[in-house]
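> take this sequence and fold it.
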Amino acid sequence: MFICDILSEASIHSFVQELCTIPNLTLDYVVLNAGVLRYPNRATDVSFEEFAFHLHTNTIGPIITAQKLLKTNIPIGTIVFMSSDSGSAGNFREIEDGFAAYAASKAALNQMLRHMAAELKRQDDDTIILAMHPGEVSTDMANIELTWQVDGVITPEESVTAMLNVIQSKGIQHSGTFWTWENKPYPW
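Predicted structure coming up:
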């Protein structure tokens, strides 16, 4: 097992260098599941530090990790970024009071991974880049008191099992797309 602190560029670099020492390594699937939600984080009162923390954890760290992996000679089939329905600009969730920094960080992640997919296509790189919405998963991150009802809560096991099926069903023609755990395309 290798350790990687997504908030440290040095740790990301060390992690990738450790992987490079493994002879004949091929990565069929890379899932970048870094994510944090410190609640509440309203646009009208989030601090610089809190907003930066959400961006560094949910956007910058995962993108830089993928970037560093792509610059190695390790063959990579698919890179999956864990996004969220909260990061969809096309399906804005006005009810989510206190999710502004989280939503903005996931929207930024979505745009970066779309650009990454387009750049790889222009380079004739067959690595598939996907965004996933895992569903409303019952995790520690979701263990907060909300002022609205969250429908359709699923277990982590249900989410992961469903997402694995979705991820494995996608080919190069799907690179740069956003999917739900139910195998439905999601609006950016």
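
> who touches stretch 98-105?
By C-beta atoms under 8 Å, 6 or more residues apart in numbering, the list of residues contacting stretch 98-105 from outside reads 36-43, 46, 50-51, 54-55, 57-59, 84, 86-87, 93, 96. (C-beta placed from N, C-alpha, C; glycine too.)

> can you do 7 Å?
Contacts made with stretch 98-105 from outside it, assessed by C-beta atoms under 7 Å, 6 or more residues apart in numbering, are listed as 37, 39-43, 46, 50-51, 54-55, 58-59, 86-87, 96.

> in that stretch, which residues are buried?
With burial defined by 16 or more other C-beta atoms under 10 Å, the residues of stretch 98-105 counted as buried are 98-105.

> with stretch 154-172 instead?
154, 159-160, 162-163, 166-167, 170.

> tell me the two of those residues that are most distant?
Of all pairs drawn from these, the one with the largest separation by C-beta to C-beta is Ile154 and Lys170; the distance is 20.6 Å.

> for the contacts of stretch 98-105, which PyMOL command selects only the ones that are buried?
Selection of buried members from these for PyMOL, criterion 16+ other C-beta under 10 Å:
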select buried, resi 37+39+40+41+46+51+54+55+58+59+86+87+96
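
> would you mind checking which of the contacts of stretch 98-105 is nearest to Gln123?
Looking across these and measuring by C-beta to C-beta, the closest to Gln123 is Thr59, at 22.3 Å.

> buried ones in the helix or strand harbouring Tyr102?
Secondary structure assigned from DSSP states H and E places Tyr102 in helix 100-122. By neighbour count, with 16+ other C-beta under 10 Å as the criterion, the buried positions of helix 100-122 are 100-110, 112-114, 116-117, 120.

> and if you look at stretch 13-23?
Of the residues in stretch 13-23, those with enough neighbours to count as buried (16+ other C-beta under 10 Å) are 15-16, 19.

> out of these, list just those in helices.
15-16, 19 (DSSP state H).

> how about these in CSV, adding distance to Ile128?
CSV is the format used below for these (distance: C-beta to C-beta, whole Å):
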residue, distance to Ile128
Phe15, 21
Val16, 19
Leu19, 19
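
> and the helix or strand just after the helix holding Tyr102, how far out from the chain's middle?
The helix or strand immediately downstream of helix 100-122 is strand 128-133, counting by DSSP H and E. Distance of strand 128-133 from its chain centroid, counting by C-alpha atoms, centre = their mean, to the nearest Å, is 7 Å.

> other SSEs contacting strand 128-133?
In terms of contact count using 3 or more C-beta pairs under 7 Å, 6 or more residues apart in numbering; DSSP states H and E, strand 128-133 is assigned the packing partners strand 76-82, helix 100-122, strand 177-180.

> centre of the chain to the least confident helix or strand in the chain by mean pLDDT, how far?
For the chain, using mean pLDDT, DSSP states H and E, the weakest element among its helices and strands is helix 156-168, scoring a mean of 95. In terms of C-alpha atoms, centre = their mean, the centre of helix 156-168 is found 14 Å from the chain centre.
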